[in-house]
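K.L.:
just coords:
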């Protein structure tokens, strides 16, 4: 009887350690080709409120947002966290354009802003057809310089809205704003396939799926279809997403970061101790996946090589 109690105690301790460190769950043997079985989920920073918008800078550091604090943060190996820039109105998704200028979702101000080489920041879009955007959420830049972004309604009261839909938009290199899709429930994270012929967009509220669209030569979208359903009953939902050089999609979802091949097959999940909202590839070789998960910033080394804006 004593040995049974000891065994149960040890099992409890092991389980608790595993939960604190997170876990890896394979749905297919192919998952282990992308994520080593012995890969560790490492917490690199904490004590935030709601982390989002990670993006790797080619000078060797990560930028990210805390959506409840009016600042962009910087994390650098060996130096920890510092404030990169104060931003009134809070921030969310971020990326770099093809000239290395940081584009940030300034959602509390219903707009996107761009950082110029002299350090000044200016809005690049805030309205559609004379009406204020809802609460801009995430952003990606195509190789031709066009900016694609999502505009759900998180955080804006119905009576304060000026648009009666939640859209996906394209801002051309010449400043022309085009509404691409307007039938999303809550459009969220988005990313291009490596050849930019497909755009993936997460629908994060009731629908809990990712849609895929064919990208036409003029940059508009067609042939929208469900890429994957992501409904498991666990905490979280499809939110921020990124793509690796082989076309696999790495997206936050219920229970963790889902790894999905280009056919829409769920290969497995990376489950940090906290529910992640976004992720980004980083480090010199692009093989480290950084995850913004509620109050903590986490990372894991993979076998995949991720696509990083302005670097790849």
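P.N.:
Received, thanks. Just so it is clear, the model here is predicted, and its values are computed rather than measured.
K.L.:
Could you pull out the buried residues of the top strand by length along the chain?
P.N.:
The longest strand of the chain (DSSP state E) is strand 221-229. For strand 221-229, the neighbour count (16 or more other CB atoms under 10 Å) marks 221, 224, 227-228 as buried. Bear in mind the C-beta positions are built from the backbone N, C-alpha and C, glycine included.
K.L.:
residue ranges with poor pLDDT in this structure?
P.N.:
1-20 (pLDDT under 70).
K.L.:
90 instead, please
P.N.:
Within the chain, the segments meeting pLDDT under 90 span 1-21, 119, 155, 205-207, 233, 235-237, 311-312.
K.L.:
Can you tell me the closest non-neighbouring residue to the residue nearest the centre of it?
P.N.:
Centroid-nearest residue in the chain: residue 240, 2.5 Å away (criterion: CA atoms, centre = their mean). With CB to CB, 6 or more residues apart in numbering as the criterion, residue 240 has its nearest non-adjacent residue at 2.8 Å, and that residue is residue 278.
K.L.:
try residue 247
P.N.:
Leaving aside its sequence neighbours, residue 247 sits nearest to residue 262 (CB to CB, 6+ apart; 3.9 Å).
K.L.:
can you pull the contacts of the one you found?
P.N.:
193, 246-249 (CB atoms under 8 Å, 6 or more residues apart in numbering).
K.L.:
Scan those residues and report the most crowded one.
P.N.:
The most crowded member of these, judged by other CB atoms under 10 Å, is residue 249 (25 neighbours).
K.L.:
roughly how far apart are that residue and residue 156?
P.N.:
Distance from residue 249 to residue 156, counting by CB to CB, to the nearest Å: 28 Å.
K.L.:
How about residue 164?
P.N.:
12 Å.
K.L.:
Compare the two (neighbour count), which wins?
P.N.:
Ranked by neighbour count (other CB under 10 Å), residue 164 and residue 156 place residue 156 first, with 18 against 9.
K.L.:
List the contacts of the nearest residue to the more buried one once chain neighbours are set aside.
P.N.:
Sequence neighbours aside, residue 135 is the residue nearest to residue 156 in space, at 5.0 Å (criterion: CB to CB, 6+ apart). Contacts for residue 135 were tallied using CB under 8 Å, 6+ apart; they are 107-108, 110, 151-156.
K.L.:
hmm, try it at 10 Å
P.N.:
Neighbour list for residue 135: 90, 92, 105-111, 150-156, 161, 166, 186 [criterion: CB atoms under 10 Å, 6 or more residues apart in numbering].
K.L.:
Also residue 252?
P.N.:
Contacts of residue 252 by CB under 10 Å, 6+ apart are 188-189, 202, 204, 230, 236-242, 258, 269-270, 272, 275-279, 291-293.
K.L.:
let's go with 6 Å and repeat that
P.N.:
For residue 252, the contact set (CB atoms under 6 Å, 6 or more residues apart in numbering) comprises 239-240, 276-277.
K.L.:
and what of residue 161?
P.N.:
Shown in contact with residue 161 (CB under 6 Å, 6+ apart): no residues.
K.L.:
What are the phi and psi values at it?
P.N.:
Per-residue torsions, residue 161: phi -80, psi 150 (degrees, to the nearest 10).
K.L.:
Can we start the residue count at 54 from this point?
P.N.:
OK, 54 is where the count begins now, so the last one is residue 214.
K.L.:
Show me where the stretch 54-203 of the chain has its strands.
P.N.:
Using DSSP state E, counting those that start in this stretch, the strands of the stretch 54-203 of the chain run over 76-79, 95-98, 104-110, 114-119, 124-129, 133-139, 147-149, 155-159, 164-168, 174-178, 180-181, 184-185, 192-194, 200-204.
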